[in-house]
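J.: starting from these lines, generate the structure:
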Amino acid sequence: MKEKIFVIIKTIVFLLIFVLLFQRFSIALQVYGTGPSDPNRRACLFFSLPENTVDVLFVGTSRVYGSYIPQQIYDKTGISSAVLATSAQSYQNTYWLLKEVLQHQQPKLVVLDIHRVVSPVDKSSKDFRLYYTTGISALPDLSINKIRAYRDITSDHSGWAKEMTIYDAYSFLEFKNIYDRGTPDLLSIANLMINPISEYKTFGYFSSAAVYPLTTLQPNISSSVYVDLKQTPDFKHLQKIVTLLKDKEIPLLFVRAPYDGSQFNDMQLYSQAFQWIEEQRIPFIDFFDLIDTIGIDPATDFCDKNHLNYLGAKKVTQYMEGYLQEHYTLEDHRGDSKYELWERSEYNYKELEKQILEKVGR
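T.: As a prediction, this is how the structure comes out:
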C-alpha cells in the first residue's frame with residue numbers, strides 16, 4: 001500500500017514538473033527573437049505575472065495597447081493594471097483569453113474597447129488569419145482553454161478557419177517557421193525559461209514616439225450598407241463576455257479611443273453598439289467626447305491614423321486614472337512588496353516624450 005502511494009506521489013510530482021518546464025519552454029519559444037513591438041509577445045508574457053496582482057485589466061485591439069499605460073496609473077494612484085491586447089483581437093479571442101485570465105488573476109475591473117464591433121473579417125482570405133488567432137496564440141500551450149478556443153473558431157467560421165490544424169494552433173511552431181530568429185542566444189533563452197517576467201517591461205502597453213499629424217479628428221461616417229450588429233459573430237461573443245464577467249461579479253467598462261474615423265463607413269454599427277451598451281447599463285467612455293477636455297492634439301498625439309503615440313496615450317491614461325479613482329473602490333498598492341514589479345519598473349517614458357516634442361518642435 002505504501003509503495004502504491006509513493007508511486008502516485010512520484011507521478012504527480014513528475015507531472016507538475018513536466019507541466020512547469022513545458023510551459024516555460026513554450027514561452028521561451030514563443031517570445032525568443034520577437035521585439036517589443038510584437039503584441040503576441042506582450043500577451044504571452046502577461047501569463048508570467050504573479051497570480052492575483054492585476055486589479056484592472058485592459059483587453060481588446062491595438063487601440064487598447066496603444067492607449068493605456070499601466071505604469072503611469074500605478075505611479076499616480078497605486079492601482080495595479082495590465083494590458084492584454086493584440087492586433088485586431090476579436091471578441092471570440094477576448095472571451096477565451098478572459099477564461100484563461102480568470103484562472104490566474106481576479107481583476108476588480110475589466111476595460112474593453114468597443115472597436116471590434118466595426119471590424120469585419122474577410123473569411124475567405126488566409127491573409128486574415130490573425131483575426132482568428134491573434135490573442136489565442138498567446139494562451140499557455142497546455143491550457144484546456146486553448147484547445148477549446150481553437151475548436152470554437154473552427155466550428156464558428158468558414159474560409160481559412162475551417163482548414164486550421166494543430167500546427168497553426170501552436171504559435172511557437174508558427175513563429176519558428178515564419179521568423180528568422182538569427183543565431184540562438186542561449187543566455188536569452190535560459191532567461192525566458194527561468195525568469196520570463198523580466199521581459200515584461202511595459203505591462204502590455206506599446207509605446208510609440210512616432211508622430212503622424214492629423215488635420216482633424218471625427219467619428220466614423222454613416223454607411224449606405226446596413227449591417228445588423230446582433231447578427232454578427234463578434235456580437236455573440238461580446239454577449240458571452242458580458243455574461244462571463246457578470247457570473248464572476250467583475251465590473252465591465254467599455255471604451256473608445258480617438259482615431260481618424262473619416263476613413264471608415266461604419267457609424268451605423270457604432271450607433272447600434274452604443275444603444276446596446278446603454279440598454280445593458282454598462283459604463284462607457286467615448287474619448288471622442290473628451291478630445292477638448294483632455295487636450296488631445298491631432299497634430300502631435302498620433303503615431304498613425306488609428307493609434308495614439310505616447311503623448312496621446314499619456315493624456316488618455318491621465319483621464320483614466322481619475323475615472324478609476326472616482327467610480328471604483330481600488331486599493332493603492334504602493335509600498336506593498338507583492339507589487340514590486342510595478343514598483344521597480346524602469347521603462348524610460350521621459351525619453352519617449354522628449355523624442356516626440358523634438359519632432360514637433362517643442
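
J.: tell me how far residue 45 lies from residue 38.
T.: Per C-beta to C-beta, to the nearest Å, residue 45 is found 10 Å from residue 38. Just so you know, the C-beta spots here come from the backbone N, C-alpha and C atoms, and that holds for glycine as well.

J.: neighbour count: the two, which is higher?
T.: Neighbours per residue, other C-beta atoms under 10 Å: of residue 45 and residue 38, the larger number sits with residue 45, 24 against 18.

J.: name the helix or strand for the more buried one, please.
T.: Per DSSP states H and E, residue 45 falls inside helix 39-46.

J.: off-centre distance for that helix?
T.: 8 Å (C-alpha atoms, centre = their mean, to the nearest Å).

J.: can you name the element that comes right after that helix?
T.: In N-to-C order, the element after helix 39-46 by DSSP H and E is strand 56-60.

J.: by contact count, what packs against the helix or strand just after that following strand?
T.: Moving toward the C-terminus from strand 56-60, the next helix or strand (DSSP H and E) is helix 62-65. The helices and strands touching helix 62-65, judged by 3 or more C-beta pairs under 8 Å, 6 or more residues apart in numbering; DSSP states H and E, are helix 39-46, strand 81-85, strand 109-113.

J.: hey, which of these is tucked in deepest?
T.: Neighbour counts averaged per stretch over these are highest for strand 81-85, at a mean of 29; criterion: mean count of other C-beta atoms under 10 Å.

J.: what pairs with that strand, and is each one parallel or antiparallel?
T.: strand 56-60 (parallel) (DSSP bridges).

J.: which parts of the stretch 151-300 of the chain are strands?
T.: Using DSSP state E, counting those that start in this stretch, the strands of the stretch 151-300 of the chain run over 252-256, 284-286.

J.: who are the packing partners of the helix or strand hosting residue 74?
T.: Using DSSP H and E, residue 74 falls within helix 70-77. Here helix 70-77 touches strand 81-85, helix 310-327, helix 340-343, going by 3+ C-beta pairs under 8 Å, 6+ apart.

J.: list the buried residues of it.
T.: 70, 71, 72, 73, 74, 77 (16 or more other C-beta atoms under 10 Å).

J.: which residues sit in contact with the third one?
T.: It stands for residue 72. 314, 317, 318, 321, 349 (C-beta atoms under 8 Å, 6 or more residues apart in numbering).

J.: highest neighbour count among the residues you listed?
T.: Greatest neighbour count in those, by other C-beta under 10 Å, goes to residue 317: 22 neighbours.

J.: wait, that residue touches residue 69, no?
T.: Yes. Between residue 317 and residue 69 there is a contact under C-beta atoms under 8 Å: 4.5 Å.

J.: and of the strands of the stretch 151-300 of the chain, who's closest to residue 337?
T.: Within the strands of the stretch 151-300 of the chain, the stretch nearest residue 337 is strand 252-256; the backing value is 28.8 Å (C-beta to C-beta).

J.: run the angle between the closest one and helix 310-327 for me.
T.: Strand 252-256 runs at 150 degrees relative to helix 310-327, counting by axes from the mean of the first three to the mean of the last three C-alpha atoms, to 10 degrees.

J.: skipping its backbone neighbours, what lies nearest residue 305 in space?
T.: residue 260 (4.2 Å; C-beta to C-beta, 6 or more residues apart in numbering).

J.: what's the neighbour count on the one you found?
T.: Applying other C-beta under 10 Å, we find 19 residues neighbouring residue 260.

J.: what about it, distance to residue 301?
T.: Residue 260 is 12 Å from residue 301, where distance means C-beta to C-beta.

J.: and if you look at residue 314?
T.: Residue 314 sits 9 Å away from residue 301, taking C-beta to C-beta as the criterion.

J.: next: residue 113.
T.: Taking C-beta to C-beta, one finds residue 113 at 17 Å from residue 301.

J.: give the contact list for the residue lying closest to residue 238 once chain neighbours are set aside.
T.: Nearest in space to residue 238, with sequence neighbours left out and distances taken as C-beta to C-beta, 6+ apart, is residue 91 at 4.6 Å. For residue 91, the contacting residues are 116, 234, 235, 237, 238, 240, 241, by C-beta under 8 Å, 6+ apart.

J.: how about low-confidence regions in the stretch 201-350 of the chain?
T.: 219-225, 263-266 (pLDDT under 70).

J.: what about the helices in it?
T.: Taking DSSP state H, counting those that start in this stretch as the criterion, the stretch 201-350 of the chain carries its helices at 233-247, 267-280, 291-294, 310-327, 340-343, 349-359.

J.: can you check what angle separates the second one from strand 252-256?
T.: Orientation check (the same axes, to 10 degrees): helix 267-280 against strand 252-256 gives 160 degrees.

J.: cool, and the first one?
T.: Relative orientation of helix 233-247 with respect to strand 252-256: 140 degrees, computed using the same axes, to 10 degrees.

J.: show me what helix 233-247 is packed up against.
T.: Secondary-structure packing of helix 233-247 (3+ C-beta pairs under 8 Å, 6+ apart): helix 91-101, strand 252-256.
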